[in-house]
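Colleague: need a 3D model of the sequence below.
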Amino acid sequence: MAEKMLAALKTGPATTEVREFDLPEIPPDAALLRMEVAGVCGTDVSQYKLPLRGAPLIMGHENVGYLARVGRLFERHKGFREGDLVFLEHYLPCGHCEWDHRGEYRHCAATEWFYDPKAIRYGYTSIEIAPSLWGGFSHYVYLPLNAVLHRVPPGLSPEEAGIATPMSNGIQWTLMDGGVGYASTVLIQGPGQQGLCCAMAARQAGADRVIVTGTSKDARRLQVAKQMGADEVIDVEKENALDRIMAITGGRGVDVVVDCTSGAGKAAVLLGIEATKRRGGTMVIQGEGNATFPDFPIGRLTRKGMTLKSARGHSYRAVELALYHLAARRFPLELMTTHRFGLSEVDHAIKSVGGEGAPGAIHVSVMPWK
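Modeller: Sure thing, here's the model as predicted:
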């Protein structure tokens, strides 16, 4: 008789139910991850509300766990053994394209789940694709040979390692894409998980001034930002943000802007453009895939000689640096890891990150065995 396990499935828009699955057989070139922590981020909030594109799926793409079963070929090829504590990237790359050889799995065509319904990515893949276990809101996750794993440093708990995804994004967007380093002045828009990690990355990289903006509902998060590397925080609903930024920088403006807002849209982009220095600033921006900006001020951008980059995922190197950064414990990570929920509470966990569930949530952890 097959062994049984549980997983929380998204069965419709903003709807989850716990179901039982058979534990799959593990071939020599695969492994099985026993989940410890699956982080919940802002992307989960938006994706959870969308209609299904097919059969139900198991969400959860920020995954940390112990290798429970490891095939001999998987062990020989990957260098991991049963019992290892690992962080699992959500990308499942082809393994042979230029991007993959550079560790830039986010750009691999095989990971483009949004455009390719056959692409597999953890947290976004239908249970119709065998063996169904493609998400972290589950007791176990299936690992084919192209799964990308990182060893969790000694002394770092699974819950702390669960911050690796937003921390990787913070390092990628702020340091690698934004070019923040010694003596930089940085504006980070939005004090959520990504924004707080960008603040930590900027401070660790030697930035001279780190400014974080938010709204009145972000009051607690702005307080946390001060302890995560921000020199100044601004409530954009109570102050003129541009005037304040210029006062802080002596009228010069900032070198780098990183937009980590989820709903500010046009207002955040316009503020970012105006807040950069007169010549040569950089703005790294994320946003909803269907967002439009028909009157984008391209002339203002070019007159200032700005560089505009997209904030899209992270590289292999960024994850390695993120785990190193978290293990160094230079910042009070406990201020970010605010809430923990079990499988039966996945709906509440996701809604908490979106501001509709438990109050004060920043980084929320689903612990499947809780």
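
Colleague: list the buried residues for stretch 75-85?
Modeller: By 16 or more other CB atoms under 10 Å, the buried positions in stretch 75-85 come out as 75, 78, 80, 84, 85. (Glycine included, C-beta is placed from N, CA and C.)

Colleague: chain neighbours aside, what residue packs nearest to the second one?
Modeller: Right, residue 78. residue 149 (6.4 Å; CB to CB, 6 or more residues apart in numbering).

Colleague: what does the pLDDT read for the one you found?
Modeller: Listed pLDDT for residue 149 reads 98.

Colleague: again, but for residue 287
Modeller: 67.

Colleague: let's have the chain start at 13 instead
Modeller: I'll keep to 13 as the first residue from here, and by that count the last item is residue 299.

Colleague: can you tell me the helix or strand for residue 75?
Modeller: strand 74-82 (DSSP states H and E).

Colleague: parallel or antiparallel, list what pairs with that strand.
Modeller: strand 43-52 (antiparallel), strand 97-100 (antiparallel) (DSSP bridges).

Colleague: tell me the gap between the helix or strand just after that strand and the middle of its chain.
Modeller: Later in the chain than strand 74-82, the nearest helix or strand by DSSP H and E is helix 84-90. A distance of 28 Å separates the centroid of the chain from that of helix 84-90, by CA atoms, centre = their mean, to the nearest Å.

Colleague: and helix 84-90, what does it pack onto?
Modeller: Contacts defined by 3 or more CB pairs under 8 Å, 6 or more residues apart in numbering; DSSP states H and E place helix 84-90 against strand 43-52.

Colleague: please enumerate the helices of the stretch 263-382 of the chain.
Modeller: For the stretch 263-382 of the chain, applying DSSP state H, counting those that start in this stretch gives helices covering 278-287, 310-315, 328-340, 358-365.

Colleague: could the buried residues of stretch 87-97 go into JSON lines alongside pLDDT and distance to residue 152?
Modeller: JSON lines is the format used below for these (pLDDT from 0 to 100; distance: CB to CB, whole Å):
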{"residue": "87", "pLDDT": "98", "distance to residue 152": "18"}
{"residue": "90", "pLDDT": "97", "distance to residue 152": "18"}
{"residue": "92", "pLDDT": "98", "distance to residue 152": "16"}
{"residue": "96", "pLDDT": "98", "distance to residue 152": "15"}
{"residue": "97", "pLDDT": "98", "distance to residue 152": "15"}
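
Colleague: mind giving me TSV with the residues you listed and columns for distance to residue 170?
Modeller: Putting those into TSV (distance: CB to CB, whole Å) gives the following:
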residue	distance to residue 170
87	21
90	19
92	16
96	12
97	7
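
Colleague: looking at the residues you listed, which is nearest residue 51?
Modeller: Distance to residue 51, by CB to CB, is smallest for residue 97 among these, at 15.1 Å.

Colleague: so what pairs up with that closest one in the strands?
Modeller: residue 78.

Colleague: is it true that it touches residue 77?
Modeller: Yes. Assessed by CB atoms under 8 Å, residue 97 is found in contact with residue 77 at 7.5 Å.

Colleague: where does the chain have low pLDDT?
Modeller: 13-14, 275-276, 299-303 (pLDDT under 70).

Colleague: domain ranges for it?
Modeller: Annotated domains of the chain cover 16-175+348-378, 178-322 [automatic domain parsing].

Colleague: of those, which is nearest residue 336?
Modeller: domain 16-175+348-378 (6.9 Å).

Colleague: mind checking the end-to-end distance for the closest one?
Modeller: 20 Å (CA to CA, to the nearest Å).

Colleague: ok, stretch 245-264 next?
Modeller: 18 Å.

Colleague: now the domains of the chain as TSV including distance to residue 336?
Modeller: Output for those, formatted as TSV (distance: least, CB to CB, whole Å):
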stretch	distance to residue 336
domain 16-175+348-378	7
domain 178-322	10
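
Colleague: isn't residue 228 up against residue 246?
Modeller: No. The pair residue 228 and residue 246 fails to qualify as a contact (CB under 8 Å) at a distance of 11.3 Å.

Colleague: can you pull the contacts of residue 134?
Modeller: 72, 73, 75, 100, 101, 102, 103, 104, 146, 147, 148, 153 (CB atoms under 8 Å, 6 or more residues apart in numbering).

Colleague: restricted to strands, list these.
Modeller: 75, 100, 153 (DSSP state E).

Colleague: top of the residues you listed by neighbour count?
Modeller: Sorting the ones in strands among the contacts of residue 134 by how many neighbours each has (other CB atoms under 10 Å) puts residue 75 first, at 29 neighbours.

Colleague: no more questions from me, cheers.
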